[in-house]
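Novice: Structure, please.
(one chain, ligands or ions: 2)
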Amino acid sequence: MPPSFFSFERMNQRHSLVRRLSDLPYACHGLHTMPEVNPTPSPTPIVQKTGAQMTGAQAVVASLLRHGITTGFGIPSIHNIALYEALRQTSEFHHWVVRHEQAAGFAADGFYRRSGKIAVIFASTGPGNLFTLVPLLESLQTGIPVLLIGTNIASSLLAGTGGALHETPEQLEIIRPLTRFARRVTRPDEIGEVFAQAAEILRGPLPGPAFIEIPHDFLLAPVNASLPEAEATAKPDHVAPAPETDRAAQLIAESRKPTILLGSGVRAAIAAVRQFAELLHCPVFTTTSGKGMFPGDHPLSLGCISRLGAVQEMFLESDLLISFGARLTEFDTGRFGLKLPPQHIQVVEDSRYPGDRVPSTRVVGDIAATAKALAQRIQPRALWCDIAAIKAREAQRLEALLQESYTALKLVRASMHRNDVLANDQSILNYWASAFFPVLEPGTFLYPLGSGTLGYALPAAIGAACAMRQANDARKVVCIAGDGGFQYTQHELATLAQYGLPVKILLVNDESYGVIAFLQRSMFGQTHEITLKNPDFCRVAEAYGIRAERVTSIAALEQRMPDWLNAPGPALLEWRTVLKAPWETGAIPRPTGIAPKSS
Ligand SMILES: Cc1ncc(C[n+]2csc(CCOP(=O)(O)OP(=O)(O)O)c2C)c(N)n1
Ligand SMILES: [Mg+2]
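Specialist: Ligands and ions are numbered 1, 2, ... in the order given. This next block holds a predicted model:
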C-alpha cells in the first residue's frame, strides 16, 4: 500500500464521521461482547450532551474538550475500548495511534514542548499504564504537563485478590509519585469534577503529569451529573511577596557583574524575562532544558551552561547570578562541580520547584510578574564584558579540536530553519548538541534531561511533528540518536510512516554504547559489554516504507544532507562513524570523577 494512503487528510475524514452516541450500551456486557455500533451519523456533537444522555467515556471526552485538551496519543485496549468509541464520535479531538504506550508518553511530552498544549496519553490497565512510567518521570522533572488517562479493572473487582485481566496491585500508588496529581474516579458521576481538578494542576504554577484512573466499567455506565464548566485558564495570581522582590532588587543594585540563567520554567514569561535581560544588559545563559528560551543568536546570549569551560570563567568573574525557572542539574553543572557566582537569586513559580541543591535567595511567584517588578527597579546598564569576543574565542578553540561532532552540528544548524525542531536522544552527538548547538526559538530543542533516558528522541520528535501538523506548520523535526538509544523505540518508525510526518532521523551508528565505552576507559582502563551487533538500519527503515541512506564520512554527510533534510515526509540518514565524547576532546572539561585513568 503506498504511504500516501495514510495521508493526514484521510485520517481527518475518518475522524469526522460522527456516529450516534445513544446506541452505546450503558452497562458493561462483558469484555468481549460489545455490540456493533449503529453507524448512522448524528449531527449532535458530543460536547453538548449532558447528564444521563452520556456514558462515562463520553463524559471523559466532553471534559477534555471543556478544558481545551484536544489531542491524545495511545493504543486502544479491551479496557479503554469505550473511550475509543467516544473518541471516534468526536471530530474535535485528534488522536494519534502509536506502537507502545511509552511512545505515547514521550509523544505527549514532545507535543507540549513544541506547542505549549497539553496532550493525553491513553493507556489501559496494568501493562499499558506501567509502560508510561519513564515518560512520566521525564515530564515530571522538566515540568511538562501531560494527562495520563488510564483504566483499571472493573470497580466491583477492585477489592479482589488478583486474577482479573491486567490486575495490578496498587496501580494508583505506583504511578502517583511520578505525577503532580493522581486520582481514581470512584463513581461515574465524579468524572467531570476529577477532570476539573486535574486541569487546575496541569495549568497551575507547578505543572507536570496528571493521572486519572478510571475503572473500565465506568466508561460504559451512565453519567447523571452535569459536567462542571471549565474555569478560566488564566493562572491564579501568585505574585512573589514584596520583601523577597525587594531583597532581590537590592542585590541586583549592588552587583557590578550580573549574569542571567534561564531554564524551561520561563516558558510562559519569555517576553518579560527578555525585557529584563535587555535592561540589565548582561550575559544570558540557559540550562539544557531552557535552550531556546532566549534566542541563541541574540547579542546577549552566551549559550548553555552544560559546556562548563567558558561558562565557569564567566561565573568566576560574575558577582551575581539571577536564574529564572532553572534547575541546576547534575548533568548541566558537571556533577555539581560548576562554581556559581557568590550571590544567586533564584526566581521560581513554586517553592516546590525541583532542583534547589544550591543555596540561593529565592523569589517565589509568577516569573513574568517578578521579572517586570525587578525591571521597574533597575537602571539600564552597560555590558560588563565583550560577549562577541568571548564567543569568537570559544568558536576558534572548538574549531581547533577538529571534531566531526562539532562540524556535523554546525552543518545541521546551517541547514535548519530557526523554527525547525531538534529532538535529542542520549548519545555522544546529543551531549555535544546540549553544549554547543545554538537554539533560536522556544520549543525547538527537545532533550530528555528530566530522566536522562534512552529512547526519547524518536517518539518525542513524533509528538512535536504532530503538534506542527495540527497547527499547519510545515517546518520539520530533526531527530538525533545513537544506535543504542534508537533501538529502545525504533518501532515508532511505524507511526512515523503511517502519518508521513516530516521527521528526519540522523542515526549515529558506532556499533557501540559509545559514551559508556568512554567512561569505562576513563574510569577502569577497559571496556566491557559495549559492542553492539546491529541490524541494517537502512533496511529496517525501508521495511517501514521510510527512505534511508547510509554515509560513512563527514564529507558524504555534508553532501547528502540537503537531500535527507528536504525529502518529503520522514527520512533516515545513518552515519557510520566513531565520535569522541566532548569530555574526551576537552570541548567540555571532565567533571569530577571521570579524570583519564593514568596507567
Ligand atoms: C534507560 C537508560 N538505560 C541506560 C542508560 C545509560 N546510557 C547512557 S548513554 C548510553 C549509550 C547509548 O548508546 P548510543 O545510543 O549508541 O549512543 P553513543 O553513546 O554510542 O553515542 C547508555 C547505555 C540511559 N541513559 N538510559
Ligand atoms: Mg552508539
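Novice: Can you name the element that comes right after the helix or strand harbouring Arg539?
Specialist: Remark: Arg539 resides in helix 537-543, with elements defined by DSSP states H and E. Sequence order places strand 547-551 as the next helix or strand after helix 537-543, per DSSP H and E.
Novice: May I see the buried residues of the helix or strand just after that next one?
Specialist: Counting by DSSP H and E, the element after strand 547-551 in chain order, helix or strand, is helix 554-566. Residues of helix 554-566 classed as buried: Leu557, Glu558, Met561, Trp564, Leu565 (neighbour count, 16 or more other CB atoms under 10 Å). (C-beta placed from N, C-alpha, C; glycine too.)
Novice: Same check on stretch 408-420?
Specialist: In stretch 408-420, counting by 16+ other CB under 10 Å, buried: Ala408, Leu409, Lys410, Val412, Arg413, Ser415, Met416, Asn419, Asp420.
Novice: mind putting these in TSV, pLDDT and secondary structure included?
Specialist: Formatted as TSV, the buried residues of stretch 408-420 follow (pLDDT from 0 to 100; DSSP: H, G, I helix; E, B strand; the rest coil):
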residue	pLDDT	secondary structure
Ala408	98	helix
Leu409	98	helix
Lys410	98	helix
Val412	98	helix
Arg413	98	helix
Ser415	97	helix
Met416	97	coil
Asn419	97	coil
Asp420	98	coil
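Novice: returning to that earlier point: quick check, the helix holding Arg539 touching ligand 1?
Specialist: No. Shown here: helix 537-543 not in contact with ligand 1 (CB under 6 Å from any ligand atom), separated by at least 11.4 Å.
Novice: List of residues touching that helix?
Specialist: 483, 486, 490, 493, 505, 507, 509, 547-550, 572, 574 (CB atoms under 8 Å, 6 or more residues apart in numbering).
Novice: Intersect the residues you listed with the contacts of ligand 1.
Specialist: Counting by CB under 6 Å from any ligand atom, the members of those near ligand 1 are Asp483.
Novice: Top of the contacts of helix 537-543 by number of neighbours, please.
Specialist: Leu507 (30 neighbours; other CB atoms under 10 Å).
Novice: backbone phi and psi for that residue, please?
Specialist: Main-chain dihedrals, Leu507, degrees, to the nearest 10: phi -100, psi 110.
Novice: is the helix holding Arg539 anywhere near ligand 2?
Specialist: No. Helix 537-543 does not reach ligand 2 (CB under 5 Å from the ion); its nearest approach is 11.5 Å.
Novice: Give me the residues contacting stretch 396-410.
Specialist: 428-429, 432-433, 436-437, 506, 554, 557, 575, 577, 579-580, 582, 585-587.
Novice: Can I get the buried part of those as one PyMOL selection?
Specialist: In PyMOL, this line selects whichever of these come out buried by 16+ other CB under 10 Å:
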select buried, resi 428+429+432+433+436+437+506+557+575+577+579+580+582+585+587
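Novice: How about the stretch 401-550 of the chain: which residue is closest to ligand 2?
Specialist: Gly482 (3.8 Å; CB to the ion).
Novice: Now that residue: closest residue in space, sequence neighbours ignored.
Specialist: Leaving aside its sequence neighbours, Gly482 sits nearest to Ser427 (CB to CB, 6 or more residues apart in numbering; 2.8 Å).
Novice: quick one, what contacts that neighbour?
Specialist: With CB under 8 Å, 6+ apart, Ser427 has these contacts: Ile480, Ala481, Gly482, Gly484, Gly485, Val508, Gly514, Val515.
Novice: Please repeat the previous calculation with a cut-off of 10 Å.
Specialist: 433, 454, 457, 480-486, 506-510, 513-515, 579, 581 (CB atoms under 10 Å, 6 or more residues apart in numbering).
Novice: What of His344?
Specialist: 251, 259, 261, 320-323, 328, 358-362.
Novice: Among these, which one sits closest to Gly443?
Specialist: Leu261 (18.9 Å; CB to CB).
Novice: pretty sure that closest one contacts Gly303?
Specialist: No. Between Leu261 and Gly303 there is no contact under CB atoms under 10 Å: 11.2 Å.
Novice: Now for the two: what residues contact both?
Specialist: In contact with both Leu261 and Gly303: Pro283, Val284, Phe285, Thr286, Phe294, Val311, using CB under 10 Å, 6+ apart.
Novice: just for the chain, where's the confidence low?
Specialist: For the chain, applying pLDDT under 70 flags the ranges 1-52, 231-237, 354-357, 597-599.
Novice: Helices of the stretch 301-450 of the chain, start to end?
Specialist: With helices called from DSSP state H, counting those that start in this stretch, the stretch 301-450 of the chain shows them at 309-317, 367-376, 387-400, 404-415, 428-436.
Novice: dump the residue contacts of the closest residue to ligand 1 within the stretch 351-500 of the chain.
Specialist: Closest to ligand 1 within the stretch 351-500 of the chain is Gly482: 2.4 Å, counting by CB to the nearest ligand atom. Residues in contact with Gly482 (CB under 10 Å, 6+ apart) are 425-430, 454, 457, 507-510, 512-515, 532, 579.
Novice: ok, the residue nearest to Thr70 when sequence neighbours are not counted to Val60 distance?
Specialist: Excluding its sequence neighbours, the residue lying closest to Thr70 (CB to CB, 6+ apart) is Phe93, at 5.5 Å. Distance, Phe93 to Val60, using CB to CB, to the nearest Å: 10 Å.
Novice: the more surrounded of the two?
Specialist: Val60 (29 against 20).
Novice: pretty sure the more buried one contacts Leu83?
Specialist: Yes. At 6.1 Å, Val60 and Leu83 qualify as touching, with contact defined as CB under 10 Å.
Novice: Find the residues that touch each one of the two.
Specialist: Shared contacts of Val60 and Leu83, defined by CB under 10 Å, 6+ apart, comprise Val120, Phe122, Ile149, Ile214, Leu219.
Novice: hey, what's the first one bridged with?
Specialist: Which is Val120. Gly72, Leu147 (DSSP bridges).
Novice: Pull out the buried residues from stretch 178-189.
Specialist: Leu178, Thr179, Arg180, Phe181, Ala182, Arg183, Arg184, Val185, Arg187, Pro188, Asp189.
Novice: do stretch 288-307 as well
Specialist: Those would be 288-296, 300-307, for stretch 288-307 by 16+ other CB under 10 Å.
Novice: For the residue of the stretch 401-550 of the chain closest to ligand 2, what are phi and psi?
Specialist: Per degrees, to the nearest 10, the backbone of Gly482 is at phi -90, psi 170.
Novice: Spell out which residues of the stretch 301-450 of the chain are next to ligand 1.
Specialist: Near ligand 1, when you scan the stretch 301-450 of the chain using CB under 6 Å from any ligand atom, you find Gln426, Ser427, Ile428.
Novice: If you tally nearby residues, what's the number for the residue of the stretch 51-200 of the chain found nearest ligand 1?
Specialist: Per CB to the nearest ligand atom, Val134 is where the stretch 51-200 of the chain lies closest to ligand 1, at 7.1 Å. Neighbour count for Val134, taken as other CB under 10 Å: 21.
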